[in-house]
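Enquirer: quick one, fold the following:
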Amino acid sequence: MYTLLMLLVVMTSSCKKGGENDPNGKVGNGTATLVVNNSSSTTYTVTGTCTFNDYSTSINIVDATTSTNICSVILNEALPTSTKTYTLVKSDFNDEDPTHATMGFSLVTNSSITDWSSDNSSGTVTLNVSGGAINCTFNNIVLQPSVVYNSGELANPARCSATFTVYKN
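Expert: Coordinates of the predicted model:
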């Protein structure tokens, strides 16, 4: 469910892209790596443009090669104006706590969907605000597999690490 919702939001809403992220023409970017806790330590990497979507209040790293591969941090508020730490929780559309965020890592191909998302014990993420830039680095955030989409060796928890910069207007 998370995957389909995020893909619809990212692909169909008014997500700011390219030089529109920042009035000075700066484009955000990021890299996220997911390592599945399975016998082969299956690893996925998403590297590309990092944008903030006003409608979904999500920060999205969209892979430059495969635009349906996305790592997202979804806030319950607009981008912060000063450095702020968020507690990662399980996705709950009724949660309006501005100190909460959810995280997801989704991979979609023509034949499959795989998805991992945060739960109430995933940890915290800090967004460091410096002028018009928001920087974030996190390591080994535990994400849970989708019971709908993930199967076999991919139906295991995974650890996500990322570094990204996004620009606010």
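Enquirer: what residue is smack in the middle of the chain?
Expert: By Cα atoms, centre = their mean, the mean C-alpha position of the chain lies nearest to residue 72, the distance being 1.2 Å.
Enquirer: which residues does that residue bridge with?
Expert: Residue 72 forms beta bridges with residue 60, residue 104, as assigned by DSSP bridges.
Enquirer: quick one: pLDDT of it?
Expert: At residue 72, the pLDDT value in this model is 97.
Enquirer: where is the longest strand in this protein?
Expert: When the chain is parsed with DSSP state E, its longest strand is strand 133-145.
Enquirer: same question for the helix or strand sitting right after it along the chain, mean pLDDT?
Expert: Counting by DSSP states H and E, the next helix or strand C-terminal to strand 133-145 is strand 158-167. Averaged over strand 158-167, pLDDT sits at 97.
Enquirer: sorry, back to before: what angle separates the longest strand of the chain from strand 158-167?
Expert: 160 degrees (axes from the mean of the first three to the mean of the last three Cα atoms, to 10 degrees).
Enquirer: strand 133-145: which residues count as buried?
Expert: Within strand 133-145, the residues that qualify as buried are 134, 135, 136, 138, 141, 142, 143, 144, 145, counting by 16 or more other Cβ atoms under 10 Å. For the C-beta atoms, the positions are set from N, CA and C on the backbone; glycine is no exception.
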